[in-house]
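[1] make a model of this:
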Amino acid sequence: MKLTTYESSKLYKEKVKLYHDRKIRQKDFRMGQSVLLFNSRMKLFPSKLRSKWAGPFLIKEVKSHGAIEMQDPMSQRSWVVNGQRVQPYLGGDVERLTTIINMSYA
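    Residues are numbered from 1 along each chain as shown. Coordinates of the predicted model:
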């Protein structure tokens, strides 16, 4: 009875993996393309109306292992991010939020 349970569990996991793998979309990025970056860092003031996507940024280099080197066109600063945090920018306005928080220990 244990053997049949293990076998049915294995079949179920294979089917679920195939289902989820079909839902994954491949993202192909190239140098010079404009992209948006998912901002998931430090949420001190969570709000529903604030956009989590920042950008647009330019792609400077695409690494073979999925990392992307991006450059901010305004400040010319560049950094490397995971390719899963990036989506193609299709145009339109994106609100750029800049917040400076001074923290002091009392």
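
[2] dump the residue contacts of the closest residue in space to Gly55 that isn't next to it in sequence.
    Nearest non-adjacent residue to Gly55, counting by CB to CB, 6 or more residues apart in numbering: Leu36, 4.0 Å away. The C-beta positions use only the backbone N, C-alpha and C, and glycine is treated the same way. If you count contacts by CB atoms under 8 Å, 6 or more residues apart in numbering, Leu36 has them with Trp53, Ala54, Gly55, Pro56, Phe57, Val86, Gln87, Pro88, Tyr89, Val94.

[3] for stretch 70-88, buried residues please.
    Going by neighbour count (16 or more other CB atoms under 10 Å), the buried part of stretch 70-88 is Met70, Asp72, Val86.

[4] list just the nearest of those residues to Asp28.
    Val86 (11.5 Å; CB to CB).

[5] Arg30 is in contact with Leu58, correct?
    No: Leu58 lies out of contact with Arg30 (CB atoms under 8 Å); the separation is 11.0 Å.

[6] ok, these two, which is more surrounded?
    For Leu58 versus Arg30, neighbours defined as other CB atoms under 10 Å are more numerous around Leu58 (17 against 7).

[7] measure the more buried one to Ile24 for me?
    Separation of Leu58 from Ile24 (CB to CB, to the nearest Å): 25 Å.

[8] try Ala67
    18 Å.

[9] between those two, which one's more packed in?
    Neighbour totals were compared for Ala67 and Ile24, and Ala67 leads with 14 against 7 (other CB under 10 Å).

[10] what's near enough to touch the more buried one?
    Applying CB under 8 Å, 6+ apart to Ala67 gives the contacts Val80, Val81, Asn82, Gly83.
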